[in-house]
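> predicted model and sequence below, questions to follow.
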Amino acid sequence: MSNEDSLEQQRVWSALYTRLQDALRPFGTEDYLGRADYWIVSDNWGSPQHMVYIHNLKMLSPAIVSRMQAVVEGYPNWEIVVDVSPERYGQLWPTMGLIVRVREIIDTLQRRYFPAEFQNINYEGTSAKR
């Protein structure tokens, strides 16, 4: 990656980080220790993606995921990786989550582990890999 490419990646990463914070803040609280609803990783590893850990399943609502998808609108090479880490439900679950891109959502949620009120969550434009 050239220095110019690296600077552009940093610029876009920072802009999308701020947009992602603004998109999620109205719906919950953020904390990296899992004591809140979600955590947006604040480390830029140089790839065209952001990482969000979900600690409260309400953050998987279609409206909130749609807001995440709007964050990467205009950035077709970028994605938001959503990892479901619901420590508050007192169980260890298998790895699962979403990859949110401008034109698709890759869904690897294993809903059978969810409480009943979250088992029927679906997203428009999803390609499921369950």
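Looks like it came in fine. Numbering: from 1, shown residues only.

> contacts, neighbours, all on C-alpha from now
OK.

> identify the bridge partners of the residue positioned nearest the centre of the chain.
In the chain, the centroid-proximal residue (CA atoms, centre = their mean) is residue 82; its distance is 3.2 Å. Bridge pairing for residue 82 (DSSP bridges) gives the partners residue 52, residue 98.

> so it touches residue 51, yeah?
Yes - assessed by CA atoms under 8 Å, residue 82 is found in contact with residue 51 at 6.0 Å.

> residues shared between the contacts of these two?
Residues touching both residue 82 and residue 51 (CA atoms under 8 Å, 6 or more residues apart in numbering): none.

> quick one: residues contacting the residue nearest to the centre of the chain.
Residue 82 touches 51-54, 97-100, counting by CA under 8 Å, 6+ apart.

> got CSV for those residues, with neighbour count too?
Formatted as CSV, the contacts of residue 82 follow (neighbours: other CA atoms under 10 Å):
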residue, neighbour count
51, 18
52, 22
53, 22
54, 23
97, 20
98, 23
99, 20
100, 25
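
> out of the residues you listed, which one sits closest to residue 63?
For those, the residue nearest residue 63 by CA to CA is residue 100; the value is 13.0 Å.
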